[in-house]
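Peer 1: Got a predicted structure plus its sequence, pasted below:
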Amino acid sequence: MPRAAEPEPGPSPDWQAPAATGPVRARLRPPGSKSVTNRALVLAALAGSPTVITNPLRARDTLLMAAALCALGARVDDRDDEDSGRTDTGGSAGGEDGSGAEVPAWRVTPGRLSGAATVDVGNAGTVLRFVPPVAALARADVEFRGDDRAAARPVGPLLAALREVTAGGSVIDPQVVDALVSRRARLRASPLARLTPRALDVLREMAAGHGNAGIAQALYLSESSVEKHVNAIFAKLDLASEQQVHRRVAAVLTFLRDAGLRPRQPPQPT
């Protein structure tokens with residue numbers, strides 16, 4: 001006897017979001033960043049010693065990156081992935097956060113590729129862009145595969161750069177060139193352009209927190225010469241007649257703003 005047709009379900013009621021009935025106190029750990037996790041994996045695989053990445057994001061793209069680096073000879077130990085076949089559990093590292101909960105961690109050990117390898121990029125743009133240059137360091141053939149949509153990604157400039165490097169040339173990222181050109185243009189429009197190279201050296205030492213005596217020692221100048229350079233810096237930065245500001249501080253702020261450089265770190269006491 002055939003079964004009777006089941007009645008069609010009626011419309012489901014609207015889902016009601018849960019609401020707290022009072023103040024909420026909780027300690028939450030936000031998930032890691034996919035972009036940061038993938039970049040940390042690449043840097044760790046290229047490092048000279050093992051690296052521990054705490055609180056990485058577990059997602060398809062980051063697992064693809066880990067698998068790609070493992071295919072190129074690195075090792076990623078993940079205690080939460082015992083059955084993956086590409087990672088191990090023996091050397092993973094982790095810790096506890098302030099609530100006592102275990103914080104996930106991946107231990108990345110650099111290694112060398114011993115034979116031909118195949119890398120699955122999936123549809124992960126970071127894997128597709130970052131791993132081919134890493135594979136170029138290997139002394140073996142590396143084949144890249146991925147999802148159908150990966151073939152639609154614009155990788156022409158990357159492949160052209162790899163061919164240029166393979167032929168013995170060099171390639172500089174256009175964005176790096178743009179940044180350098182912009183910085184030079186900014187310097188030309190800055191009052192720092194009025195300073196001599198030696199005055200810039202003195203200003204750089206000022207930015208590191210040195211007084212005149214320390215600057216003289218660092219640059220092998222007499223203190224009187226340093227004082228002349230400092231006064232020239234104030235004059236050329238239009239600070240000579242300023243009475244309402246700390247002229248050394250104002251000069252250093254101009255240097256940090258316009259030069260876009262970090263001051264040389266002061267020497268640590270021994």
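Peer 2: Received it, and whenever you're ready, just let me know what you need.
Peer 1: ok, residue 215 - how many residues close by?
Peer 2: The tally of other residues near residue 215 (other CB atoms under 10 Å) stands at 23. Bear in mind the C-beta positions are built from the backbone N, C-alpha and C, glycine included.
Peer 1: what helix or strand is the closest residue to it other than its chain neighbours on?
Peer 2: Of all residues not flanking residue 215 in the chain, residue 205 sits nearest, at 4.3 Å (CB to CB, 6 or more residues apart in numbering). Following DSSP states H and E, one finds residue 205 within helix 197-207.
Peer 1: Would you check how far apart the residue nearest to residue 215 and residue 177 are?
Peer 2: For residue 205, the distance to residue 177 equals 30 Å [CB to CB, to the nearest Å].
Peer 1: For the helix holding residue 205, buried residues please.
Peer 2: If you call a residue buried by 16 or more other CB atoms under 10 Å, then helix 197-207 has these buried ones: 199-207.
Peer 1: same deal with stretch 245-256?
Peer 2: For stretch 245-256, burial by neighbour count (16+ other CB under 10 Å) applies to 247-248, 251-252, 254-255.
Peer 1: What of stretch 168-186?
Peer 2: Of the residues in stretch 168-186, none is buried (16+ other CB under 10 Å).
Peer 1: ok, now stretch 31-47?
Peer 2: Residues 32, 34, 37-38, 40-42, 44-45 are the ones in stretch 31-47 that count as buried (16+ other CB under 10 Å).
Peer 1: Could you do stretch 208-217 as well?
Peer 2: 208, 210, 212, 214-216.
Peer 1: Next, the distance between the ends of that stretch.
Peer 2: Stretch 208-217 stretches 13 Å from its first residue to its last (CA to CA, to the nearest Å).
Peer 1: do stretch 232-243 as well
Peer 2: End to end - CA to CA - stretch 232-243 spans 16 Å.
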